[in-house]
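*Asks:* Model the following, please.
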Amino acid sequence: MAQKDLTKGAVFTTLCFFALPMILGNILQQGYNIVDTWVVGRYAGSDALAAVGAAFALMTFLTSALLGLCMGSGVVFSLCFGRRDEEGLEKSLCASFLLVMVMAALLTFLSLLGVDGIMVWMHIPREIEGITREYMVLIFWGIPAVALYNFFGAYLKAIGNSVAPLVFLGISTVLNIGLDILFVAVWQRGTAGAAAATIIAQYISGLGIGIYVFATGKRIRKVFSRFRISRASLREIAGYSVLTCMQQSVMNLGILMVQGLVNSFGTTVMAAFAAAVKVDAFAYMPAQEYGNAFSTFIAQNRGAGEGERIRKGVRLGVATTVTYCVLVSLILWFLAEPLMLIFIDPGESAILAEGVRYLHTVGPFYCGIGCLFLFYGLYRAIGKPGISVVLTVVSLGTRVALAYTLSALPSVGVAGIWWAIPIGWGLADLLGSLVYIRYREGEPGKAL
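*Replies:* As a prediction, the model looks like this:
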């Protein structure tokens with residue numbers, strides 16, 4: 001398999017070329033989300049759009065533990081690869097695979113068992129209970145596929161191959177869009193059709209990337225033919241992953257709590273939020289993938305003891321992220337309404353106005369979330385995932401508390417939910433910067 005050593009070459013070009021396929025993959029994923037939202041909104045109606053938007057937030061929360069486990073495992077894989085520790089990499093792969101698949105099975109079982117309670121907790125409006133439940137029950141069956149894709153993707157990215165995960169994500173995205181159009185627009189299967197399209201595409205990508213890894217990598221075939229797990233490897237994976245899982249779960253729990261608050265304002269606000277966050281995610285999520293690539297870069301160089309490359313990577317990472325976020329904020333400010341009209345019929349004036357207000361409130365502050373993604377990646381890579389948890393608690397805790405407080409004020413209302421988002425980002429960035437400065441001052445010999 002193609003792999004890239006991130007401890008060599010010019011820092012800027014090495015980091016950017018490694019990040020580019022990951023960013024393209026994210027754009028593909030967000031492109032699919034936009035098409036999915038467009039198809040559902042146009043051909044199944046605003047109620048279906050509200051149902052899919054609520055379920056999307058829930059699915060993101062449920063899979064956050066899996067993503068955190070894979071992200072933490074990826075750091076361990078990168079460290080082993082950077083220090084050329086083949087045996088450590090082998091044992092870490094086995095330990096991680098076991099943990100990921102056990103967690104996937106548990107999440108699937110508990111989600112299917114508790115779907116009715118989940119709907120009550122999320123304040124799903126009575127008029128869309130049926131279609132929301134139908135969508136959720138189907139979409140939960142895709143959790144094991146999400147686990148497979150993210151496990152093998154984490155391994156490939158850790159050894160410097162960010163292209164293969166992009167290819168399989170691209171195949172999945174194109175298939176998902178085609179099936180969406182067929183099931184929802186042509187066959188008029190509504191939310192059930194949208195869910196079926198999603199899980200079929202998820203299993204194609206999850207199984208496909210697994211087959212690719214086994215077909216092209218002697219290392220992975222040897223690893224799984226022996227499947228050796230040691231307590232030390234389990235502890236190491238757990239040490240990096242548990243707190244990363246916690247961070248991802250806290251982050252998405254906060255998002256889910258905000259979704260529940262949004263739901264309490266009715267289907268108009270739900271539909272506006274469902275459409276606006278798709279635009280929102282498409283705009284800033286490339287910064288998240290850049291932060292993940294940045295984390296792999298830092299981890300490989302930390303394993304190799306390349307302190308100067310890490311320092312250069314930090315400086316260039318901040319400059320690149322801020323530049324991107326400023327540009328995308330400017331674009332979104334002027335194109336908020338045309339972008340909302342992709343999903344919303346011009347006659348739905350109340351939904352359109354609320355979605356534009358959300359984008360004009362949150363969009364100008366994308367530098368906040370971009371820098372926060374860099375902090376997450378940095379602290380994960382240097383073995384301090386607990387700091388990422390604290391930053392997430394500050395960001396999402398502030399967001400949830402302010403959202404519930406401000407939205408209860410008659411003079412503020414729904415706008416308070418939107419303003420709580422950038423305020424949370426800003427406070428977390430401030431804390432992340434202070435911790436970084438203290439860390440460097442306190443331990444000047446560290447590779448930072």
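*Asks:* Tell me the spacing between Ala164 and Pro364.
*Replies:* According to CB to CB, to the nearest Å, Ala164 and Pro364 sit 36 Å apart. For every residue, glycine as well, the C-beta is placed using N, CA and C.
*Asks:* More neighbours: those two, which one.
*Replies:* More crowded of Ala164 and Pro364, by other CB atoms under 10 Å: Ala164, with 21 against 16.
*Asks:* Can you give me every residue that contacts the closest residue to the more buried one other than its chain neighbours?
*Replies:* In space, Ala164 comes closest to Leu156 once its chain neighbours are excluded; the distance is 5.2 Å by CB to CB, 6 or more residues apart in numbering. Listed by CB atoms under 8 Å, 6 or more residues apart in numbering, the contact partners of Leu156 are 1, 162, 164-165, 209, 213.
*Asks:* Any idea how many residues pack against the residue nearest to Arg83 when sequence neighbours are not counted?
*Replies:* In this structure, Arg83 finds its nearest non-sequential neighbour in Gly303, 4.2 Å apart by CB to CB, 6+ apart. Neighbour count for Gly303, taken as other CB under 10 Å: 22.
*Asks:* got it, and Arg357?
*Replies:* Arg357 has 16 neighbouring residues, counting by other CB under 10 Å.
*Asks:* Would you confirm that it contacts Trp418?
*Replies:* Yes: assessed by CB atoms under 8 Å, Arg357 is found in contact with Trp418 at 6.8 Å.
*Asks:* ok so, going back, among the contacts of Leu156, who's most crowded?
*Replies:* Ser162 (27 neighbours).
*Asks:* circling back: out of the contacts of Leu156, which comes closest to Gly25?
*Replies:* For those, the minimum distance to Gly25 (CB to CB) is 6.2 Å, reached by Pro165.
*Asks:* what ranges do the strands span in the stretch 51-200 of the chain?
*Replies:* Counting by DSSP state E, counting those that start in this stretch, the stretch 51-200 of the chain has no strands to list.
*Asks:* Name the spans of it whose pLDDT lies under the cut-off.
*Replies:* Applying pLDDT under 70 to the stretch 51-200 of the chain picks out residues 57.
*Asks:* so the residue nearest to Ile177 when sequence neighbours are not counted is in which element?
*Replies:* Nearest residue to Ile177 in three dimensions, chain neighbours excluded: Val35, at 4.9 Å (CB to CB, 6+ apart). Taking DSSP states H and E as the definition, Val35 sits inside helix 11-43.
*Asks:* how distant is that helix from the center of its chain?
*Replies:* Distance of helix 11-43 from the chain centroid (CA atoms, centre = their mean, to the nearest Å) equals 11 Å.
*Asks:* do the same with stretch 160-170
*Replies:* In this view, stretch 160-170 has its centroid 16 Å away from the chain centroid, taken as CA atoms, centre = their mean.
*Asks:* cool, and stretch 153-163?
*Replies:* Mean-position distance between stretch 153-163 and its chain equals 16 Å (CA atoms, centre = their mean).
*Asks:* what do you get for stretch 412-424?
*Replies:* 22 Å.
*Asks:* now swap in stretch 114-121 and tell me
*Replies:* Relative to its chain's centre, stretch 114-121 lies at 23 Å (CA atoms, centre = their mean).
*Asks:* What spatial separation is found between the residue nearest to Ala164 and Ala420?
*Replies:* 37 Å.
*Asks:* Over to Leu352?
*Replies:* Leu352 is 22 Å from Ala420, where distance means CB to CB.
*Asks:* Which of those two has more residues huddled nearby?
*Replies:* Between Leu352 and Ala420, Ala420 has the larger neighbour count (other CB under 10 Å), namely 25 against 22.
*Asks:* quick one, what contacts the more buried one?
*Replies:* Applying CB under 8 Å, 6+ apart, the residues contacting Ala420 are 258, 398-403, 406.
*Asks:* Give me the neighbour count for Arg133.
*Replies:* 18.
*Asks:* pretty sure it contacts Val115?
*Replies:* Yes: counting by CB under 8 Å, Arg133 touches Val115, with 6.3 Å between them.
*Asks:* Does Tyr404 belong to a helix, a strand or coil?
*Replies:* Under DSSP: H, G, I helix; E, B strand; the rest coil, Tyr404 falls in the helix class.
*Asks:* List the contacts of it.
*Replies:* By CB under 8 Å, 6+ apart, the neighbours of Tyr404 are Leu261.
*Asks:* before we move on, what about the one 4 residues further on?
*Replies:* Listed by CB under 8 Å, 6+ apart, the contact partners of Ala408 are Gly416.
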